[in-house]
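**Q** Build the 3D model from these lines:
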Amino acid sequence: MRFGIKTSQANTTYGEILKIWRQADAVPEIDDAWLWDHGPPIMIGAGGERSALRVVARHADIWASPAFTAEEFRRKNAVLDEHCAAIGRDPSEITRSARVFFTAHEPPAAGPSRFPGPAGARELLGELIDAGARHLVLGPIGMPSVPWVAKPGSVTAAPGRQRAGGARRRLD
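**A** Below is the predicted model of the structure:
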């Protein structure tokens, strides 16, 4: 069963969230100028190329791509850039996020596998970075720890956008 909301409702919802943030009487003490001026970063996970990525272009600070391959990520990334251009938004304002699900063992050579093993995960991470991903989420499937995925030098991420004050702060 899938749950979701219509695109027109999503546009309204995100706009209302930001309005509430900006009009709040009691906002937690925040010494991060970017957060104070813009509200909490909004991450939107969407892949629909005709309407959902339009909502991402209008409202998101971070786009959580549902793509399973670098090729699919690259295509949807280009569509998102087009939607940004259509509304006059600089596409670089949106951080691109991708996730990689992987297993502890390499899949059998016979037949395709939706989830790569360690070597495939490292390769896919590099491809996603090359395709424009600047935020990565690792999804280990069926294992308690994953120290072998992040071998030193196996994947090098491009420097991310830094906010004033450096590290992120909790609002609680």
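**Q** In contact with residue 86, which residues are there?
**A** Going by C-beta atoms under 8 Å, 6 or more residues apart in numbering, residue 86 touches residue 57. From N, CA and C alone the C-beta is placed, and that goes for glycine too.
**Q** just checking, what's the longest strand in the protein?
**A** If you go by DSSP state E, the chain has its longest strand at strand 95-102.
**Q** Next, the buried residues of that one.
**A** Buried residues in strand 95-102, counted by 16 or more other C-beta atoms under 10 Å: 95-100, 102.
**Q** Kindly report the same for stretch 128-137.
**A** By neighbour count on 16+ other C-beta under 10 Å, the buried set for stretch 128-137 is 128-129, 131-136.
**Q** Tell me where this protein has helices.
**A** 7-23, 33-38, 52-59, 70-87, 118-130 (DSSP state H).
**Q** Least confident of those, on average?
**A** Comparing mean pLDDT over these, the weakest stretch is helix 33-38, at a mean of 57.
**Q** returning to what we had before: report the lowest-confidence entry in the buried residues of strand 95-102.
**A** residue 102 (88).
**Q** Name all residues that make contact with that one.
**A** 115-118, 120-121, 138-141, 149.
**Q** Any chance of a markdown table for those, columns neighbour count?
**A** Conversion of those to a markdown table gives the following (neighbours: other C-beta atoms under 10 Å):
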| residue | neighbour count |
| --- | --- |
| 115 | 16 |
| 116 | 19 |
| 117 | 16 |
| 118 | 17 |
| 120 | 16 |
| 121 | 25 |
| 138 | 13 |
| 139 | 11 |
| 140 | 16 |
| 141 | 10 |
| 149 | 20 |
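**Q** now these in a markdown table, with distance to residue 56?
**A** As requested, those are exported to a markdown table (distance: C-beta to C-beta, whole Å):
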| residue | distance to residue 56 |
| --- | --- |
| 115 | 25 |
| 116 | 26 |
| 117 | 31 |
| 118 | 31 |
| 120 | 27 |
| 121 | 25 |
| 138 | 22 |
| 139 | 21 |
| 140 | 27 |
| 141 | 27 |
| 149 | 28 |
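**Q** so of these, which ones are in strands?
**A** Mapping the contacts of residue 102 onto strands (DSSP E) picks out 138-140.
**Q** Now flag whichever of those is closest to residue 109.
**A** Minimum distance to residue 109 across those is 21.9 Å, recorded for residue 140 (C-beta to C-beta).
**Q** So what pairs up with that closest one in the strands?
**A** Beta bridges link residue 140 to residue 102, judged by DSSP bridges.
**Q** Also residue 43?
**A** Applying DSSP bridges, one finds that residue 43 bridges with residue 62.
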